[in-house]
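Student: Predicted model, plus sequence, below.
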Amino acid sequence: IGNCQPIQVLRSQIKMFAGTPYPVLIQGASGSGKELVASALQSLSSDPAAPFVVLNCAAIAVNLLESTLFGHAKGAFTGATIAQAGFFEKAEKGTLFLDEIGEVPLGTQVKLLRVLQEKEVVRLGENNPRKVNVRIIAATHRDLPAMIKNGEFRSDLYYRLRVLPLRVPSLRERREDIPLLASTILFGM
């Protein structure tokens with residue numbers, strides 16, 4: 001929602017990027033609407049009915065993140081009483097939205113990079129790879145280039161995710177849209 005120049009540019013980019021199969025990296029401040037942008041990319045895609053699976057990487061315990069992403073075999077770890085597909089498999093032929101990608105630990109980043117390169121996942125406790133056809137949209141409020149310099153984020157993963165970059169402007173960059181946003185929130189107009 002908005003009419004300011006940065007929002008018009010963002011809308012134009014969303015329309016351009018929506019029909020492509022390439023990864024999109026959405027960057028913006030917390031609360032700026034990154035998930036709304038990801039949802040718009042999906043709804044304007046060539047198959048809006050395809051799966052759209054959302055994972056907030058910051059909300060998953062580090063020791064469960066790999067199982068959540070890649071799945072696991074029965075007995076892969078204590079409590080794994082049944083085999084389970086991960087989010088990559090659940091998003092097959094659709095989109096996996098990885099919110100807060102900057103919170104993913106380095107060890108898991110290596111595995112994410114492999115999935116992006118090879119288009120296959122290996123469930124925890126298994127050796128056989130499973131092919132996946134998933135579009136990745138990632139989002140973060142973090143300064144990933146600074147994290148790369150500090151050794152906290154892999155540069156190769158960054159460039160794989162940033163094929164199509166989008167930046168969501170913060171509210172302070174679009175003050176002229178505040179009345180429209182307030183009206184929409186208060187009155188649903």
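Tutor: Noted; the coordinates are in hand. Numbers count the residues shown, from 1 in each chain.

Student: use CA for all of it now, contacts and neighbours both
Tutor: OK.

Student: and the gap between the nearest residue to Glu152 once chain neighbours are set aside and Lys149?
Tutor: Counting by Cα to Cα, 6 or more residues apart in numbering, the nearest residue to Glu152 once its immediate chain neighbours are dropped is Leu106, at 6.8 Å. Here the criterion is Cα to Cα, to the nearest Å. By it, Leu106 lies 13 Å from Lys149.

Student: Gly28 now?
Tutor: Gly28 sits 19 Å away from Lys149, going by Cα to Cα.

Student: who's more crowded, those two?
Tutor: Gly28 (18 against 11; other Cα atoms under 10 Å).

Student: show me what contacts that one?
Tutor: 34, 139-141, 167-170 (Cα atoms under 8 Å, 6 or more residues apart in numbering).

Student: which of the residues you listed are buried?
Tutor: Burial by neighbour count, judged by 16 or more other Cα atoms under 10 Å, picks out 34, 139-141, 167-169 from these.

Student: Inside helices: which ones of those?
Tutor: Lys34 (DSSP state H).

Student: isn't Asn3 right up against Arg175?
Tutor: No - look at Asn3 against Arg175 with Cα atoms under 8 Å: they stay out of range, at 10.5 Å.

Student: End to end on stretch 66-78, go ahead and measure it.
Tutor: Stretch 66-78 has an end-to-end distance of 15 Å (criterion: Cα to Cα).

Student: Could I get the CA-only coordinates of stretch 166-179 as CSV?
Tutor: Provided in CSV are the C-alpha atoms of stretch 166-179 (Å, rounded to 0.1, in the frame of the first residue of the first chain):
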residue,chain,number,x,y,z
LEU,A,166,14.5,-6.4,-3.7
ARG,A,167,14.6,-3.7,-1.1
VAL,A,168,11.5,-2.8,0.9
PRO,A,169,11.6,0.8,2.0
SER,A,170,11.1,1.6,5.6
LEU,A,171,8.2,3.8,6.8
ARG,A,172,10.6,6.7,7.4
GLU,A,173,11.5,6.6,3.7
ARG,A,174,7.8,6.9,2.7
ARG,A,175,6.2,9.3,5.2
GLU,A,176,3.8,10.5,2.5
ASP,A,177,2.1,7.0,2.6
ILE,A,178,1.4,7.2,6.3
PRO,A,179,-2.1,8.6,6.0
